[in-house]
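Chemist: below is the sequence, then the predicted model.
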Amino acid sequence: MESTDQMDHVYQQLSQFLKMHHKEFIDLWEEQIIVHNDKDDIDLIRRNGSIMYEFISKSFVKQLSDDQIQTLAYKIAKQRVDAEINIGEFVYNVNLGRSLIVKCANLSGIEIEKLQLIIDQINRRFDLFCYHAVSRYTELKDKKLQEQNLYISQTHKDRLAILGQMSSCFVHEFRNPLTSVMGFIKLLKDDYPKLPYLDIVSKELEELKFRITQFLHTSRMNTVNESKMGEITIKFILEEVLDFLYPSIIDGKIKVTTKIDPKIKIIGDQNELKQVFLNLLMNAVDAVREDEKQRKIGINTEVDSEHIKIVISNNGPTINADEVAYIFEPFYTTKKLGTGIGLFVCKNIIEKHNGKIHCLSNNDLTTFEITLPINKSVCEEMASPTK
């Protein structure tokens, strides 16, 4: 084993040798590194390369702590993040410097046994530097992305709020004359029950009213005070929606199968939940009409001790995975003439009722599953034997 004095002499020899070949190293390193002239600060990269080279050179005669290596790594990592340099290019350039310094050390004339010890030390310093630099780079990059996402999210919310206020104003202006027209249509039906086309006009006006209600939900997202919470039988409101859609179902030659538990009750706003089921079933009708095969829509309920799951499925076109991920986002739609607010409203209404909604789609079926808490006291009372 070499004595301390002997190794100190070797370290001095290597340090002096590296110092003499400083400029040659930097020129050779700069020729081979990955840089982008249009966005990289070449002078800064050259200075950092020079700092790293001097750092390694001096470390043999002046013992440097791991904290000092970390400090340098953190400094350069921040510069790379600010310059938006790819981390792969950064690591490549650092390891290129490592290789060139090792080659330079091999030319120093130091005996091979002693040189191996020195190369091990060089590799350790570079490994530690890369570890701290990449860790810090990743940490800063993640933080930057989080700040950007927060800004985008807040900007999106602000725009939605403004759009909501504008929509609410416009919708109220539409709703008032619509209410009058619907009232007069009803009077005409009473006075002239055989007058043709009144049923069609009435149905179209009801659908227009439904769309307007969707916009109102989007613009103000009904508060708890505006909701009319009460006891609801799921089978009753689903059958009401199917009755309303009956002409469209017959016209589209659609086979609808149902398996709905008649006893299950929940607490909620009947009009809001009716809007959810109407929206989902209207979407299902539109979807199956796009195919010429036998058109099918299924409505099933599954119940456990705490929840009811309402499953609405159709055999229309598949919704791809990317679209499913965004299907409940506001103003995102898979329809050519869709508004992109229907499913957004559905999600908000279901969540307001302490439930969940999600979509599954494959080559056979597209399914929307809604889970809602049941009214256990009512269901238990109905299930108990009559005294």
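Modeler: Nice, I can see it.
Chemist: Q116 versus D8, what's the distance?
Modeler: For D8, the distance to Q116 under the criterion Cβ to Cβ, to the nearest Å works out to 17 Å. Yep, even glycine has a C-beta here, placed from its N, CA and C like the rest.
Chemist: residues of stretch 190-201 that come out buried?
Modeler: Within stretch 190-201, the residues that qualify as buried are V201, counting by 16 or more other Cβ atoms under 10 Å.
Chemist: so for that stretch, mean pLDDT?
Modeler: Confidence for stretch 190-201, expressed as mean pLDDT, is 83.
Chemist: repeat that for stretch 10-25.
Modeler: For stretch 10-25, mean pLDDT is 80.
Chemist: shaky segments in the stretch 51-200 of the chain?
Modeler: 59-64, 152-153, 155-176 (pLDDT under 70).
Chemist: ranges for the helices of it?
Modeler: Taking DSSP state H, counting those that start in this stretch as the criterion, the stretch 51-200 of the chain contains helices spanning 66-82, 87-106, 112-191, 198-220.
Chemist: reformat the ones you listed as JSON lines; add distance to V256.
Modeler: As requested, these are arranged in JSON lines below (distance: least, Cβ to Cβ, whole Å):
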{"stretch": "helix 66-82", "distance to V256": "57"}
{"stretch": "helix 87-106", "distance to V256": "55"}
{"stretch": "helix 112-191", "distance to V256": "27"}
{"stretch": "helix 198-220", "distance to V256": "18"}
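Chemist: out of the ones you listed, the one nearest K309 is which?
Modeler: Taking Cβ to Cβ as the measure, those were each checked against K309, and helix 198-220 came out nearest at 23.1 Å.
Chemist: quick one: strands adjacent to the helix or strand following that closest one?
Modeler: Beyond helix 198-220 on the C-terminal side, the first helix or strand identified by DSSP states H and E is strand 229-233. Taking DSSP bridges as the criterion, strand 229-233 pairs within the sheet with strand 265-269 (antiparallel).
Chemist: could you point out which element follows the strand it pairs with?
Modeler: Helices and strands here follow DSSP H and E; after strand 265-269, the next one along the chain is helix 270-288.
Chemist: just want the angle from that following helix to strand 229-233.
Modeler: With axes from the mean of the first three to the mean of the last three Cα atoms, to 10 degrees defining the directions, helix 270-288 sits at 50 degrees from strand 229-233.
Chemist: output the helix or strand just after helix 270-288 in PDB with nothing but the alpha carbons.
Modeler: Under the assignment DSSP H and E, the closest C-terminal helix or strand after helix 270-288 is strand 295-303. The C-alpha coordinates for strand 295-303 follow below in PDB (Å, rounded to 0.1, in the frame of the first residue of the first chain):
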ATOM      1  CA  ARG A 295     -79.700  -1.500 -31.800                       C
ATOM      2  CA  LYS A 296     -79.800  -2.300 -28.000                       C
ATOM      3  CA  ILE A 297     -79.900  -0.300 -24.800                       C
ATOM      4  CA  GLY A 298     -79.900  -1.900 -21.400                       C
ATOM      5  CA  ILE A 299     -80.700  -0.500 -18.000                       C
ATOM      6  CA  ASN A 300     -79.900  -2.600 -14.900                       C
ATOM      7  CA  THR A 301     -79.600  -1.900 -11.200                       C
ATOM      8  CA  GLU A 302     -77.400  -3.700  -8.700                       C
ATOM      9  CA  VAL A 303     -77.900  -3.200  -4.900                       C
END
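Chemist: now for the very next helix or strand once past strand 295-303, which elements pack on it?
Modeler: For strand 295-303, the succeeding helix or strand toward the C-terminus, using DSSP H and E, is strand 307-314. Under the contact definition 3 or more Cβ pairs under 8 Å, 6 or more residues apart in numbering; DSSP states H and E, strand 307-314 sits against helix 234-251, helix 270-288, strand 295-303, strand 366-373.
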